[in-house]
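Below are the sequence and a predicted model; questions follow.
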Amino acid sequence: MSALTPLAASINVAIGGAVGATMRFQLGRAVTHWMGPNAATAFPWATLAANVVGSMAMGLLAGWLARHGSAQGEQYRLLLGVGLLGGFTTFSSFSLEMMLLVERGQPGLAASYAGVSVLAGLAALYLGLVIMRVGA
């Protein structure tokens, strides 16, 4: 299979991004419904969940692509990694929420949120890679 044209690559990213962003939006709605608006806004639970789940999915995808690299690997990387997971994970929202916690005078909560987000995200990505390497 030949390489993707720039237009085809962009379309893959756009489609994945639209789906990922919609998934992120629905996750936020589900968390708010499940926890209630007060609890859901007291700590950025939906963003934390999106970043951890997205990191795990990125680890699984990267591991799968490394193990099963195929002629369509670049298309999967663009559609799922750059597009879908790029639209689903929320690092820019993370940054904004960090600053809001600091501005609200909650630097301890902000530091906890940052630490848990980074460590859990890295651990989830590593776990995804390990899962995909088992049996290789």
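It's in.

Which residue, other than its chain neighbours, is closest to M132?
G63 (2.5 Å; C-beta to C-beta, 6 or more residues apart in numbering). For glycine as for every other residue, the C-beta is placed from the backbone atoms N, C-alpha and C.

Would you enumerate the residues in contact with the one you found?
By C-beta atoms under 8 Å, 6 or more residues apart in numbering, G63 lies in contact with 128-133.

Skipping its backbone neighbours, what lies nearest A18 in space?
Per C-beta to C-beta, 6+ apart, closest to A18 is G87, 6.8 Å.

Check that neighbour and give its pLDDT.
Reported pLDDT at G87 in the predicted model: 96.

buried residues in the helix or strand where Y76 lies?
Using DSSP states H and E, Y76 sits within helix 73-76. Residues of helix 73-76 classed as buried: 74-76 (neighbour count, 16 or more other C-beta atoms under 10 Å).

any idea which of the residues you listed is the one closest to H68?
Closest approach to H68 among the buried residues of helix 73-76 (C-beta to C-beta): Y76, at 9.5 Å.

Tell me the confidence at the closest one?
At Y76, the pLDDT recorded in the model is 93.

Tell me the spacing between M23 and A71.
To A71, M23 is 27 Å away according to C-beta to C-beta, to the nearest Å.
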